[in-house]
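Chemist: what's the 3D shape of this:
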Amino acid sequence: MKKKFWNVIKNGNIGEITMYGEIASESWWGDEVTPKKFKEDLDALGDVSQIKVYLSSPGGDVFAGQQIHSMLKRNKAEVIIYVESLAASIASVICSAGDKVIMPSNSMQMLHNPMTGFYGNAIEFRKIADDLDKIRESLIEAYLGKSSELTREKLIEIMDAETWLTAKECKELGLCDEVVEAKEIAAISTEFLNKYKNAPEEFIKSTSNHATEDPQQTEPQQKEDPKLTVTVNVDKETMKEVVDEAIDKEKQEIEIENLNFEIDLI
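Modeler: Numbers count the residues shown, from 1 in each chain. Predicted structure coming up:
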């Protein structure tokens, strides 16, 4: 049965939360994972002994992810996190909140340093750099809180390099507790993945949502309207002004909607 991008189920003493999509502070399109929505659903589960989180995310807002991480860490229930395809960036920090992390052999985690897009002056940029260093420290603490195999130095090396880790590598580093057999993994937006510099090409291909590709619903590609080209022979003096203007604009072709005039001077 195909899981929805967001779903909450309570079965006796066990709660299940499906989290597919970008981690965001607010929901704009309805398919983001937000702290507000997560808290509402976590509270709705009530007192359960175990919470299973099915996670597939390319990352997103660092503060939103840290909030979700903290909620899971505070919860008294045993937290089991299943990486359905990818836990990248801040989603890998959410993973570290799990008492147990389970990964199919064809799933991955990605760790890197926090990033930001910012416009400002030198003073503001220096402050942003300092803030990013502080944020990185909080992420380091989250990872080290999960893994007893990682040293601080090794973790910094991994984050500095934007490292994509297989399930086996995650287990060796203490970021995963159990590797299970490969499965059909959940789709991830390739547009989001392409923003990362080291995203493995084969993994990007494997996360494409082929199930949604319905040939009957595929819209035909729009073709460019055919353009009619007319060659006109005119007297130089008559077209002097037109030619001068065209030269000034570094143009040799004047286009009017879908009608092109290529001017040959005689």
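Chemist: Low-confidence stretches in the stretch 1-150 of the chain?
Modeler: 1-5, 28-31 (pLDDT under 70).
Chemist: Which stretches in it count as helices?
Modeler: Assigned by DSSP state H, counting those that start in this stretch, the stretch 1-150 of the chain shows helices spanning 35-45, 62-74, 90-95, 122-146.
Chemist: which other helices and strands contact the third one?
Modeler: Using 3 or more Cβ pairs under 8 Å, 6 or more residues apart in numbering; DSSP states H and E as the contact test, the elements touching helix 90-95 are strand 50-57, helix 62-74, strand 78-88, strand 108-111, helix 122-146. Glycine gets a C-beta too; all of them are placed from N, C-alpha and C.
Chemist: looking at these, which is closest to Pro200?
Modeler: strand 108-111 (7.7 Å; Cβ to Cβ).
Chemist: Next, count neighbours for Asp160.
Modeler: By other Cβ atoms under 10 Å, the residues close to Asp160 number 12.
Chemist: any idea how far it lies from Lys36?
Modeler: Here the criterion is Cβ to Cβ, to the nearest Å. By it, Asp160 lies 33 Å from Lys36.
Chemist: which of the helices of the stretch 1-150 of the chain sits most buried?
Modeler: helix 90-95 (a mean of 27; mean count of other Cβ atoms under 10 Å).
Chemist: Kindly export it (C-alpha atoms) in CSV.
Modeler: Coordinates of each C-alpha in helix 90-95 appear next as CSV, following Å, rounded to 0.1, in the frame of the first residue of the first chain:
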residue,chain,number,x,y,z
ILE,A,90,18.2,18.5,8.4
ALA,A,91,16.2,15.3,7.9
SER,A,92,19.3,13.4,8.9
VAL,A,93,19.3,15.3,12.2
ILE,A,94,15.7,14.3,12.7
CYS,A,95,16.9,10.7,12.2
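Chemist: Residues contacting that helix, please?
Modeler: For helix 90-95, contacts defined as Cβ atoms under 8 Å, 6 or more residues apart in numbering pick out 23, 53, 55, 57-62, 64-66, 68-69, 72, 81, 83, 87, 101, 109-111, 139, 142-143, 146, 175.
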